[in-house]
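# mind looking at a prediction? Sequence and model below.
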Amino acid sequence: MSSKIFLGPRVTRSKIFPRRIAAAFAAAILLATTYSAGSVASRQTPRRPPHQTLPPLPVGEKNFPRALAPVVEAEHAFAQLSIERGMKPAFLRYAAPDGVIIYGNGPVNAIETWARRDPAPAGLLTWWPVYADVSNAGDMGWTTGPYEFREKPEDAKPSDTGHFFTVWRRQPDGSWKFVLDLGIRHPAPATPETALRYPAWLKKGTQTAPAFPDTVEARKSLLEAEREFSEDSLKKGARSALLARADETLRMYRQGTYPVVGRDAVARALKVDSEYVGWNRLEGDVAGSGDLGYAYGAYEVKATSTQPAERGNYARVWRHRNGAWRVVFQVASPTPPPQ
């Protein structure tokens with residue numbers, strides 16, 4: 001499993017409220033009462049170990065983008081349900097009717113796939129968002145962050161770690177469901193990232209007017225950008241194609257390695273244009289505001305005299321900025337060899 005999809009397919013907070021006590025006698029009574037109540041509570045509700053709790057979201061902070069809050073709250077609730085009830089109920093609850101998960105040989109419908117998993121997979125899957133974005137229309141967003149899987153919930157160390165990637169759409173009833181989910185495996189980091197970040201363009205006053213007259217034109221433009229990307233990747237190399245369209249915030253995920261963040265870091269990671277890659281888009285969509293879109297499909301690295309062809313699945317997120325589509329996220333995961 002390469003994401004929070006299948007691992008075979010995603011931290012409670014204590015608060016101390018200081019009180020001023022007018023007299024030592026009152027303090028003694030309060031201390032005794034608090035100790036007694038706390039002892040009863042600890043017997044009734046055992047405290048969760050740290051790995052079964054999620055980092056808090058900063059949605060209550062003064063300058064947090066209001067439109068982004070429901071996206072990261074949906075991701076957080078998704079992960080919390082996985083902890084409390086298991087992976088299967090969580091995925092069935094938060095997958096859109098047309099939601100897709102990508103694992104193994106390619107994309108499959110999330111609800112249909114998870115409904116067939118009987119018995120439900122065991123183990124503890126936890127995850128949390130550390131980066132997120134949302135469209136100007138507030139109808140599409142995406143999230144990413146670390147995941148950890150444990151064969152047994154009480155295990156101190158995870159048996160599998162990596163990063164997930166999820167695309168969210170607001171549904172007709174106003175709820176948020178995921179439409180795409182995949183990710184990568186990589187070794188456990190020394191210190192997992194927990195703070196949630198978001199791009200500067202979500203700050204108040206930085207949003208721009210729609211670049212397209214309607215969603216149809218926006219989607220057509222996005223798919224044309226995908227087609228041109230694939231053509232350049234085959235002619236000039238995958239590195240040139242990506243960097244020519246990369247936003248400075250670009251995040252690149254590859255199986256087995258840690259995420260690479262920032263255009264300059266990606267340029268250093270992709271040292272030479274030694275790979276010529278064809279990207280076969282299967283599906284894609286855009287937000288109602290035409291400023292955010294995604295695509296996913298299959299890729300194939302052309303064989304060389306020393307390396308065989310590599311095939312796998314990919315996803316890309318595009319942002320329309322300064323009059324052009326820019327890549328802000330790309331993940332590629334090779335298809336497992338036949339067994």
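Arrived safely.

# may I have the beta-bridge partners of residue 281?
residue 297 (DSSP bridges).

# try residue 333
So, taking DSSP bridges as the rule, residue 333 has residue 313 as bridge partners.

# now the helix or strand encompassing residue 113, how far from the chain's geometric center?
Element membership for residue 113 (DSSP states H and E) is helix 110-115. Distance of helix 110-115 from the chain centroid (Cα atoms, centre = their mean, to the nearest Å) equals 19 Å.

# contacting residues around that helix?
9, 87-88, 91-92, 95-97, 99-101, 178, 181 (Cβ atoms under 8 Å, 6 or more residues apart in numbering). Where C-beta positions appear, they are placed from N, C-alpha and C, glycine not excepted.

# out of those, which sit inside strands?
Of the positions in those, 95, 96, 97, 99, 100, 101, 178, 181 sit in strands, assigned by DSSP state E.

# nearest to residue 233 among the residues you listed?
Nearest to residue 233 among the ones in strands among the contacts of helix 110-115: residue 100, at 22.8 Å, using Cβ to Cβ.

# how much space between the closest one and residue 182?
9 Å (Cβ to Cβ, to the nearest Å).

# what is in contact with the two at once?
Joint contacts of residue 100 and residue 182 (Cβ under 8 Å, 6+ apart) are residue 296.

# which ones are touching residue 153?
Here residue 153 is in contact with 52, 123, 124 (criterion: Cβ under 8 Å, 6+ apart).

# past the least confident helix or strand in the chain by mean pLDDT, which element shows up next along the chain?
The weakest-scoring helix or strand in the chain, judged by mean pLDDT, DSSP states H and E, is helix 24-44 (a mean of 37). Under the assignment DSSP H and E, the closest C-terminal helix or strand after helix 24-44 is helix 69-85.

# check the offset of that next one from the chain's centre.
12 Å.

# can I get the contacts of residue 153 in TSV including pLDDT and neighbour count?
Converted to TSV, the contacts of residue 153 look like this (pLDDT from 0 to 100; neighbours: other Cβ atoms under 10 Å):
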residue	pLDDT	neighbour count
52	77	16
123	93	17
124	95	20
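
# can you list the residues you listed in TSV and add distance to residue 108?
Shown next, in TSV, are the contacts of residue 153 (distance: Cβ to Cβ, whole Å):
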residue	distance to residue 108
52	29
123	20
124	23
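
# just for the protein, where's the confidence low?
Scanning the chain for pLDDT under 70 picks out 1-51, 205-209, 272-274, 305-306, 337-339.

# before we move on, back to that, pull out the buried residues from the helix holding residue 113.
Neighbour counts over helix 110-115 (16 or more other Cβ atoms under 10 Å) mark 110, 111, 113, 114 as buried.

# closest one to residue 221 out of the residues you listed, please.
residue 110 (27.7 Å).

# give the contact list for the residue nearest to that closest one when sequence neighbours are not counted.
Leaving aside its sequence neighbours, residue 110 sits nearest to residue 95 (Cβ to Cβ, 6 or more residues apart in numbering; 3.8 Å). By Cβ under 8 Å, 6+ apart, the residues touching residue 95 are 101, 110, 111, 114, 177, 178, 181.
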